[in-house]
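**Student:** Structure for the following, please:
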Amino acid sequence: MSNTIKSKNFRDSTTPDALNEKIDITSNPNETQPLTMKEHAPLVQKESDVESFELDEIDDKFDKGSAWAKNLPPSWIAHIFPSNSPHSVQLMRKENLAVPACYLCVGLLQGLSGPFLNVYPRFLGATEAQQATISSIRSLPSLFKLGFGFLSDTVPFMGYRRKSYMFVGWLMSSISMFSLFLFSDLDRVVDDDTNEMVKSEDAPTIGFLSFTVLMFGTGFWLADVMGDSVVAEKAKQEPEATRGHLQSNCYACRFFGLMVSAPVSTVIYSSMGPKTIVFIMAIIPLLMLPFIYNLKETKNVEIKGTRDQVGEIWRTVCSRAVWQPMGFVYLYNVLQVGNAAWREYLMTILGFTDNQMNSLFIISVVLLYAGVMAYKYFFIKWSWRSVYIITTMLNTVFSSLQVLLIYGITFGLSPFVFALGDDIFADFIGGIQFLPTTIMMVNLCPAGSEGASYAMFTTMNNSAMHMSTAFSTIVLKIWDVSKETMMGGDLSGLVKLTILTTVLQTSGILFVKLLPNTKEDLVKLHKDKYSGSKIGGFLFLTITFLSIANALVVSFLNIVFPGWAGESR
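**Tutor:** Below you'll find the model as predicted:
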C-alpha cells in the first residue's frame, strides 16, 4: 500500500446508529459493574433547548442562531434544524458553525498542502529521505495530540477550554505560512541555458521550509484536536434516533474540502507557482477566526485535576477492551511499510511530470472518500476480521503489480495508467478503514475525559503510522536504490525493496485474531480475567511513547543529517 492513509480500525456490524453507543471501560471488570452499552451522559432535553420547526410556524421559531436561514425553503429548514435535536448539536446554528467550518478548513488545507509538499521539496533538491520526511512533517505534531488534549482539559486559556486554543492554532498556522511567503522567494525562474524552471537564489532552504511546515502543522493539529474535543462532547447530546450523524457530517465536510482543494491546488501550482499556494494557505486559517469568536462554550467551568485525568486514562488503557484491539491497530499500521524509493522511480525513470504526480494525489483523495462511503453503505455488515483479511489480500495483489511495472509489463497500458492501480486501491482501502476508526475511538472514551482520551487513541494510531514511515526510510539502505543507481539502469534493488514492503504489509494480517469479530466480542474482552491488567496498560503507553520518540528522532536526522540512513544525498 504505497501512498495511502493508513487508519486501521474496526466497526460494528449492525447499524450506523449503533456504532456510537458508548462502552463503559473505566470500571473495574472484577467488580460487579459489567461492561455496558449505554450512554455515559443520558440526553436530557429541555423543551426550550429544542427547535420545533413546524412548517406553518417557522416565523416564530427563529433566534439569533438560526435567523440566517429564515428565507430558506421550509423543507431545508426542517433538515438543517431537526425538531428532535437540541441547539448544541445543530451544526448550522451561528454558535456552532465553527465546528463544521473547522473540519472543512482541515480538509481544505490538507488538499492545498498535499500537491505542494508532493513536488516542491524535490524541486528544491531534497534527498529521498528529506522528501519522505517533509511530506509527513506537517502531521508530525499529531503525535502530541494527547498533550494538546490534556492542556485544553486542565488549563483553560482566557476562561475557555476549546475555543481559545482553536483560535491560537489557526492563527499559528496562518503566521507560519505568511513567514514562508514573506521571508523567502518562492517564485520559479527560467534557466537561460536549459530553458527549464529552476529555484531562485533566495528560495527557502530545506531547513527553513521544514520549520515553517512544522509550525503550520502544530497550529493545524492543535485546532484539529479542539474540533474533535467539541464534537466528542456534543455527540453525547444527540438524540438516539440520529446517533452518529454529528460525527459523520463533520467528516463529510472534511473530505469535501479535501476533494475540492486538491485539484484546485494542482492547477494553481502548475499555472501560478508555489507562491500562490502558500499565500492561500496563509489566508484560509484567518477566515476561521470569526467563526471561533461566535462559538458557544461555557466559560470558567469546573476543571478536573491533572491527577484525576491521568488516573482515568490509566484505568481506560488497562482494560483489555482497549489494549488488545488497539494493539492490533498498532501492529497492523506499523507493518504498512511503504516503498520510499517509488516516488523517485516514477519521476526519474518513468519521467512522470509534476502534474501526473499531483494527479495521483487527487485521485487518491477521491478514492479515500469513496472508500468511506463504500464501508458505510456496503461493508457495514461485514465482521471486523473479514474486512481486514479480504482487503489485505487484495492489497497484496495490487502492490505486487509494482514489480510488473518495473519490468515494463503493463499489458498495453501506459505506465501512468498502470501505476494508478496500486495507488487507487491502496487509498480506497484506507477510506474503508477510516470512518470506523474514528467512531470506535469515540466509543472507547470515558465520560468526562473525551478530549484527552480521544487524543490518546489517535496519538497511538498516528505514532504507528509515523513508525511505518520511519521504517520505510530505514529499509532504503538494505539495497542500493539511489537516484544515481536507478538512472544507471540497475533496478534490482528496487525490485527487492518492492517485494519486501509487500510482504511486510501483508504480514499484518497474522495478528488479526487480536481483533474481535463483533462489538459483542469487544464487550466480552472487558469481562475477561486479563482485563484491568496493569501490564497491558503499561505496554500500551510504553509502546506509544517510544514510537513517538523514534519518529521524532528519525525525522530530525533526515532533515539535519541528510543521507544518514544511506539514501542519496
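**Student:** count of neighbours near Asn118?
**Tutor:** 21 (other C-beta atoms under 10 Å). Every residue, glycine included, has its C-beta placed from N, CA and C.
**Student:** Could you double-check that it lies in contact with Met357?
**Tutor:** Yes: using C-beta atoms under 8 Å, Asn118 is in contact with Met357, at 5.7 Å.
**Student:** what touches both of the two?
**Tutor:** With contacts taken as C-beta atoms under 8 Å, 6 or more residues apart in numbering, Asn118 and Met357 have no neighbour in common.
**Student:** now the helices for the stretch 301-450 of the chain?
**Tutor:** 306-317, 320-334, 342-344, 354-374, 384-406, 415-443, 450-474 (DSSP state H, counting those that start in this stretch).
**Student:** Hmm, Arg385 is touching Leu515, no?
**Tutor:** Yes: contact criterion C-beta under 8 Å: Arg385 and Leu515 qualify, at 5.6 Å.
**Student:** Neighbour count for those two, which is higher?
**Tutor:** A direct count of neighbours by other C-beta under 10 Å for Arg385 and Leu515 places Leu515 higher, at 24 against 19.
**Student:** Could you list the low-pLDDT ranges of the stretch 301-450 of the chain?
**Tutor:** 358, 421-424, 439, 443, 447-449 (pLDDT under 70).
**Student:** again, only using 90
**Tutor:** Scanning the stretch 301-450 of the chain for pLDDT under 90 picks out 301-330, 332-334, 336-450.
**Student:** again with the stretch 1-150 of the chain
**Tutor:** In the stretch 1-150 of the chain, residues with pLDDT under 90: 1-95, 110-111, 113-150.
**Student:** if you set the cut-off to 70 instead, what comes out?
**Tutor:** Residues of the stretch 1-150 of the chain that meet the cut-off, pLDDT under 70, sit at 1-65, 129, 132, 135-136.
**Student:** Now do the phi/psi pair for Pro86.
**Tutor:** Reported as degrees, to the nearest 10, the phi and psi values for Pro86 are phi -70, psi 160.
**Student:** That one bridge partners, please.
**Tutor:** Listed by DSSP bridges, the beta-bridge partners for Pro86 are Val50.
**Student:** Check whether it really touches Gln237, as I assumed.
**Tutor:** Yes: judged on C-beta under 8 Å, Pro86 makes contact with Gln237 at a distance of 5.6 Å.
**Student:** what about Ser113, how many neighbours?
**Tutor:** 24.
**Student:** Who are the packing partners of the helix or strand containing it?
**Tutor:** Assigning secondary structure by DSSP states H and E places Ser113 in helix 98-123. Helix 98-123 sits against helix 128-137, helix 163-182, helix 206-235, helix 245-272, helix 274-294, helix 354-374, with contacts defined as 3 or more C-beta pairs under 8 Å, 6 or more residues apart in numbering; DSSP states H and E.
**Student:** and the angle for the fourth one with helix 354-374?
**Tutor:** Spelled out, it's helix 245-272. Counting by axes from the mean of the first three to the mean of the last three C-alpha atoms, to 10 degrees, helix 245-272 points 170 degrees away from the direction of helix 354-374.
**Student:** Show me which positions of helix 245-272 end up buried.
**Tutor:** When neighbours are counted by 16 or more other C-beta atoms under 10 Å, the buried residues of helix 245-272 are found to be 245-266, 268-269.
**Student:** go on, the last one?
**Tutor:** Buried residues in helix 354-374, defined by neighbour count with 16+ other C-beta under 10 Å: 354, 356-372, 374.
**Student:** What of the second one?
**Tutor:** Using 16+ other C-beta under 10 Å as the test for burial, helix 163-182 gives 163-181.
**Student:** Skipping adjacent residues, who's closest to Phe148 in space?
**Tutor:** Val225 (4.3 Å; C-beta to C-beta, 6 or more residues apart in numbering).
**Student:** Quick check: the nearest residue to Ser453 once chain neighbours are set aside vs Gly149, distance?
**Tutor:** Distances taken as C-beta to C-beta, 6+ apart place Cys445 nearest to Ser453, at 4.0 Å, with adjacent residues excluded. According to C-beta to C-beta, to the nearest Å, Cys445 and Gly149 sit 10 Å apart.
**Student:** Sounds good, over and out.
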